[in-house]
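Q: Turn this into a structure:
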Amino acid sequence: EVQLVESGGGSVQAGGSLRLSCAASGFTFDDYAIGWFRQAPGKEREGVSCISSSDGVTYYADSVKGRFTISRDNAKNTMYLQMNNVKPEDTAVYYCAAGRSLDGDPDYWGQGTQVTVSS
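A: Reported below is the predicted structural model:
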């Protein structure tokens with residue numbers, strides 16, 4: 001059974017930091033590009049960041065560049081999103097996902113973790 005389980009969400013004040021983790025199981029993690037998406041209330045889900053399976057190519061949405069860092073630990077089948085200098089507009093449910101390529105739709109999704117940033 002494929003599972004992506006997020007953790008690390010919570011409430012934080014603007015300017016603070018959070019680290020999201022996503023533990024993967026049930027598929028060959030090394031073979032998949034992985035990424036983070038978020039959905040704020042009343043808004044469509046948007047891509048935040050992603051990283052390729054092998055060569056470390058990364059992508060960041062303009063809104064998080066310079067503040068968020070995506071990483072992966074293939075030995076632990078785990079991905080991370082380090083969120084620094086968070087802003088109230090970062091408030092959303094954050095989802096991790098895995099797919100065969102950076103360009104295509106993800107094949108697998110986590111259940112989501114809430115991040116709330118207060119001003």
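Q: so what's the residue nearest the centre of the chain bridging to?
A: Centroid check for the chain by Cα atoms, centre = their mean gives Trp36 as the closest residue, at 2.5 Å. With DSSP bridges applied, Trp36 shows beta-bridge pairing to Ser49, Cys96.
Q: burial count for Gln111?
A: The number of residues packed near Gln111 is 11, by other Cβ atoms under 10 Å. No exception for glycine: its C-beta is placed from N, CA and C like everyone else's.
Q: wait, Leu4
A: Count around Leu4 with other Cβ under 10 Å applied: 24.
Q: and it, bridged to which residues?
A: Applying DSSP bridges to Leu4 gives these bridge partners: Ala24.
Q: how much space between it and Thr78?
A: For Leu4, the distance to Thr78 equals 10 Å [Cβ to Cβ, to the nearest Å].
Q: what is in contact with these two at once?
A: Cys22, Ala23, Ala24 (Cβ atoms under 8 Å, 6 or more residues apart in numbering).
Q: Perfect, I'm done here.
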